[in-house]
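**Q** got a sequence here, can you model it:
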Amino acid sequence: MTVEELQELIKTSVKQCLNEANQKKQEKELLSFKETCEYLGCSRSALNSWKAAGKIPYKRMGKRVFFSKSEVTEAMKESNYAKLQSLN
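**A** Coordinates of the predicted model:
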């Protein structure tokens, strides 16, 4: 094996590892309803109200509802979390 081949093999392996790590991070990015309530420190009914009012973005996968942690965080910043609590 030449030095160039070894370098290419290392480069490919590192890219693959980084892609796998990024994919796992993205999978962790989606929170279940319960995880989102825990993250926000709110009740299920409060989160449901915010979701119905369009204050918290969500995604559906079949019958299940998921929330993107970064989108929820951004929504909290934009709407001032105290405002969201007043909807409850």
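
**Q** switch to C-alpha atoms for all contacts and neighbour counts from now on
**A** OK.

**Q** hmm, who's touching stretch 62-82?
**A** 29-33, 36, 55-60, 84 (Cα atoms under 8 Å, 6 or more residues apart in numbering).

**Q** in it, which residues are buried?
**A** 66-69, 72, 75-76 (16 or more other Cα atoms under 10 Å).

**Q** domain ranges for this protein?
**A** According to automatic domain parsing, the chain comprises the domains 1-28, 32-88.

**Q** can you tell me which of these is most buried?
**A** domain 32-88 (a mean of 14; mean count of other Cα atoms under 10 Å).

**Q** and the residue nearest to the spatial centre of the chain, what does it touch?
**A** By Cα atoms, centre = their mean, the chain has its centre lying nearest to E29, at 2.6 Å. By Cα under 8 Å, 6+ apart, E29 lies in contact with 68-70.

**Q** how near is A52 to I10?
**A** As judged by Cα to Cα, to the nearest Å, A52 and I10 stand 49 Å apart.

**Q** what's the average pLDDT for the strand or helix carrying M76?
**A** Per DSSP states H and E: M76 is located in helix 69-79. In this model, helix 69-79 has a mean pLDDT of 86.

**Q** starting at the chain centroid, how far to it?
**A** Taking Cα atoms, centre = their mean, to the nearest Å, one finds the center of helix 69-79 at 11 Å from the center of the full chain.
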